[in-house]
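Chemist: My questions are about this predicted structure, shown below with the sequence.
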Amino acid sequence: MNVIRALALVAVSVLLTACVTTTQSPFSGKQDLDKAVETYIQIGYAHFENNNLFEAKRSLDQALDIDSRASGAHLGLARVYEVEREVDLADHHFRRAIRYDGGTEARFQYAVFLYNERSYENAREEFAEVVTDTFYQRRALSFEYLALSSRRVDRVDEAIAAYERAIVLDRLLVNSYIGLADLQFQQERMQEALRAYRGYISLVRANRANQSPFTLWLGVRIAHAMNDEDLYSSLELQFRNRFANSPEFREFQRWKQEQGVS
């Protein structure tokens, strides 16, 4: 790794030296500086991936010494400071990355950061901006995060709509099916809850998801509300065989007594 870094820094040095060569055109200096910035950013990201946070910061700072508006360097520093729990510095650099045309990816990363910091309303606003980019590669996941953020601030209808959009865009988003089924169940929209839950079951059968105490507990209540005896019996059997010692199963047993369910 030291050899690679040394070679990369030599490349940067060559680029910077080339900037002052008098035989080049007026535009080549800027081109070389841009290459140097990109090289420092790449080095910084490589250090970040290897959890070498100090060297990552140093390389990204070097990029900003050349171009203080380099959005990639600001985004990289934001990620580093996020890991280091320097929340204010991370927020500062996320905002700079967005301001200096970091694109949708910078806004997505910032929105995730805000969500993880439990700034749910601000996260919701940022994700709402992200999903307007119809070409963004992670648009489906952004809708899922938008649903989570909306739910956190009691915007239930918005959360339901966002989950539905996420599933339309990516029918393999496991958490969106469960989140949608749970919200529809809480809103007593049982037909919609069952439809979403069956979508989740299809992923379980395709080995793309696994049942948990939470998902089984949700499923048996939906199946009971819809008088779907086959589904209810199947889920109850899985619940009993796999998670009999879970708090959810004990809650299920109490519920059965209260409901008079055999």
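Modeler: Great, that's in hand. Numbers count the residues shown, from 1 in each chain.

Chemist: contacting residues around the closest residue to E192 other than its chain neighbours?
Modeler: Excluding the flanking residues, the one nearest E192 by Cβ to Cβ, 6 or more residues apart in numbering is Q184, at 4.3 Å. (Glycine included, C-beta is placed from N, CA and C.) Q184 makes contacts with 160, 190, 192-193, 196, as judged by Cβ atoms under 8 Å, 6 or more residues apart in numbering.

Chemist: change it to 10 Å
Modeler: 156, 160, 163-164, 190-197, 222 (Cβ atoms under 10 Å, 6 or more residues apart in numbering).

Chemist: Quick one, grab the pLDDT at K30.
Modeler: Looking at K30, its pLDDT stands at 71.

Chemist: typo on my end, it should be D88
Modeler: Reported pLDDT for D88: 98.

Chemist: Report the distance from the helix or strand hosting L33 to the chain centre.
Modeler: Element membership for L33 (DSSP states H and E) is helix 28-49. On the basis of Cα atoms, centre = their mean, to the nearest Å, helix 28-49 sits 26 Å off its chain's mean C-alpha point.

Chemist: residues of it that come out buried?
Modeler: For helix 28-49, burial by neighbour count (16 or more other Cβ atoms under 10 Å) applies to 32-33, 35-41, 43-48.

Chemist: Now do that helix: which elements does it pack against?
Modeler: Under the contact criterion of 3 or more Cβ pairs under 10 Å, 6 or more residues apart in numbering; DSSP states H and E, helix 28-49 touches helix 2-18, helix 53-66, helix 71-83.

Chemist: If you compare the directions of the helix or strand just after the last one and helix 71-83, what angle comes out?
Modeler: What it means is helix 71-83. Using DSSP H and E, the helix or strand that directly follows helix 71-83 along the chain is helix 87-99. On the basis of axes from the mean of the first three to the mean of the last three Cα atoms, to 10 degrees, helix 87-99 is oriented at 160 degrees to helix 71-83.

Chemist: which residues sit against helix 87-99?
Modeler: With Cβ under 10 Å, 6+ apart, helix 87-99 has contacts from 60, 64, 68-84, 86, 102-107, 109-114, 117, 119, 122, 126, 129.

Chemist: filter these to the buried ones?
Modeler: Among the contacts of helix 87-99, the ones that count as buried by 16+ other Cβ under 10 Å are 60, 64, 70-82, 102, 104-107, 109-114, 119, 122, 126, 129.

Chemist: Quick check: which element contains the one residue sitting closest to the centre of the chain?
Modeler: Closest to where the C-alpha atoms of the chain average out (Cα atoms, centre = their mean) is V112, at 5.7 Å. Taking DSSP H and E as the criterion, V112 maps to helix 103-116.
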